[in-house]
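Visitor: pasting a predicted model and its sequence here:
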Amino acid sequence: MAKKNILKDRSVYAIGIGLHPYQRASDVTYVTLGLTAVRAALSDAQIKWTDVETAFVGNARIGMAAGSTMLRYLGPSDVSVAQVENASASGSTAFRQAVHDVASGVAEVSIAIGVDKPVEGAGRGGPINAKVRSLDEGLVVPFSHFAMLAERYMADTGATIEQIAKVAVKNHANGARNPFAQRQKARTLEEVLAPPQISGALTRLQCTPVGEGAAATIVASEDAIERLGIDWQRAIRVTASASRLQEFTPDENADAALTRKTTLEALDAAAVDPRDLDVIELHDAFSIEELLYAEAIGLCGEGEAAACVERGDFDIGGRHAISPSGGLLAMGHPIGPTGVGQVCEIVRQLRNEAGDRQHPDAKIGLAHMVGVGAVCVVHVLERT
Amino acid sequence: MSEKRELWVEQSGVIFLRGVKCDRCGSVLFPPQAYGCEACGADETHLREFLFPSSGTLNSFTTVHVHPKLETPYKVAEVKTEARQLVRGRLEHEHPSVGEAVMGAVEVIDGTPQFIFVVPSEVEA
């Protein structure tokens, strides 16, 4: 059954972006993190908080009613607020909700906010509370899951540990040019391969740092852009939003299959060929993921991604810039903010405002997140 | 399914895994649950207990060097069983490789019987 692409009928534009730098857990409250990003996005769009009609706040770690508690400090308004939880894809899902509010006509201006940090007494989460016992209880933490995918990828394609590590070398170099990144230091291959070993082929610098931060993106209709006098040159159209739940696929790599299906749905809806994507922000929580997802998205053939990274195809200025922000590996993965932060980076790139990490002539971008469950959320954005 | 039942059972020296089979679509599901069939959506009344051999081939594996609670390093395996199920568990194997044959065994660790994957020759020895 083909899904309706509401974004074909009614145009939705990202008009404002804002971030609080991603960083190690600190004493800064989530309220300060979140308000910093929201105020930056309002200032970027040059609109007032009272112009925003609906707000979606993505997070997974800071508990009930965090969104409403935070937004009260912006003063009285008619805004409707909802908190959105979808594991690592919480921010991406908040963005999807904001985009659909504008596309459906429920709101002319909506904001997606991602804010998160580790707090005391966080819940144990759905997978544990479902109480399905398994043989690997506690044995397989996320990095071991991806280390197993790396082992399998090397066996299937002949890729080497060094080739997988080069993903991290590239993304750390990108993060070094991003003032909002948690890791802002370029790393050599030797540094990336150096201990501590985490699991299998994965070393510490090939695993995402999970800290704290915030990101916000404001979306608006054409009417609102005209009414609020927003600069059309800086408005970036959202042309597709896709979100899927993982299916039972015992005979193939479930992570790759989920990404392939979700991305295909988004690219079909936007009528975009994967070869035409200029910038891609993807879920590189672990270095191996960039290789798996680049192939699943269709940026190269099966088993070719390691060679692409080695040739510089995925560098800024290459065939496709993958994770110019530094990705989850270098920019970081504070959970709730991550998906919104990806959209901020794509908007910045498509506006040609990314400074010394600008991918030349970027016109089409794709944001990809996965979350425990598993879920996958993909957005396509285009400069018009 | 009682909380106390083990996920494996030994029959004539062979370790079987205790999964469920959907009587509507025939899929074998592991770990067992009484919620519904992930493969076809049949409700829990269609899921029957189903024992299947724990032997299979290594789909993948890894050595875990960092864990918040457990002693490291240790290895985990993802095994494709003959019932087409992917099953994950602890692996005891010095030099594993993808595609290699493995089987389940039970080892008493700290007084508690635990399921592990091993290479068949090590069991015979």
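Guide: Right, received. Where do you want to start? Note that the structure is a prediction, hence the values are computed from the model and not measured.

Visitor: and the gap between residue A:190 and chain B?
Guide: Plainly put, residue A:190 is 19 Å away from chain B if you go by C-beta to the nearest C-beta, to the nearest Å. Glycine gets a C-beta too; all of them are placed from N, C-alpha and C.

Visitor: for the host helix or strand of that residue, buried residues please.
Guide: Taking DSSP states H and E as the criterion, residue A:190 maps to helix A:189-193. By neighbour count with 16 or more other C-beta atoms under 10 Å in any protein chain shown, helix A:189-193 contains the buried residues A:192, A:193.

Visitor: what packs against that helix?
Guide: Counting contacts by 3 or more C-beta pairs under 8 Å, 6 or more residues apart in numbering or on different chains; DSSP states H and E, helix A:189-193 packs against helix A:161-175.

Visitor: other residues contacting the helix it packs on?
Guide: If you take C-beta atoms under 8 Å, 6 or more residues apart in numbering or on different chains as the criterion, helix A:161-175 is touched by A:150, A:153-154, A:181-189, A:192-193, A:201, A:203, A:205-206, A:284, A:287-288, A:290-291, A:306-307, A:309-310, A:314-316, A:322-327, A:329-331, A:357.

Visitor: average pLDDT for stretch A:199-211, rounded please.
Guide: Averaged across stretch A:199-211, the pLDDT comes to 97.

Visitor: tell me which residue is most central in chain A.
Guide: The residue lying closest to the centre of chain A (C-alpha atoms, centre = their mean) is residue A:339, at 3.0 Å.

Visitor: now swap in chain B and tell me
Guide: Residue closest to the average C-alpha location in chain B (C-alpha atoms, centre = their mean): residue B:87, at 4.5 Å.

Visitor: okay, it: pLDDT?
Guide: 93.

Visitor: one more: residue A:122?
Guide: In this model, residue A:122 carries a pLDDT of 65.

Visitor: do residue B:2 as well
Guide: 40.

Visitor: what of residue A:136?
Guide: 82.

Visitor: sec struct for it, please.
Guide: coil (DSSP: H, G, I helix; E, B strand; the rest coil).

Visitor: helix or strand for the closest residue to it other than its chain neighbours, which one?
Guide: Nearest residue to residue A:136 in three dimensions, chain neighbours excluded: residue B:88, at 3.9 Å (C-beta to C-beta, 6 or more residues apart in numbering or on different chains). Element membership for residue B:88, per DSSP H and E: strand B:86-91.

Visitor: from the contact counts, what lies against that strand?
Guide: If you count contacts as 3+ C-beta pairs under 8 Å, 6+ apart, strand B:86-91 packs onto strand B:56-64, strand B:74-81, strand B:112-118.

Visitor: enumerate the residues of chain B near chain A.
Guide: Proximity of chain B to chain A (C-beta under 8 Å from any C-beta of the partner chain) is limited to residues B:3, B:7-8, B:17, B:27, B:30-33, B:35, B:38-39, B:59-70, B:74, B:76, B:78, B:84-90, B:97-99, B:115.

Visitor: setting aside sequence neighbours, what's the nearest residue to residue 118?
Guide: Unless you meant another one, I'm taking chain A. Using C-beta to C-beta, 6+ apart, the nearest residue to residue A:118 is residue A:25, at 5.1 Å.

Visitor: right idea, wrong chain: chain B
Guide: residue B:105 (4.8 Å).

Visitor: name whatever forms a beta bridge with the one you found.
Guide: Counting by DSSP bridges, residue B:105 forms beta bridges with residue B:116.

Visitor: ignoring the adjacent residues along the chain, who's closest to residue A:77?
Guide: residue A:50 (4.7 Å).
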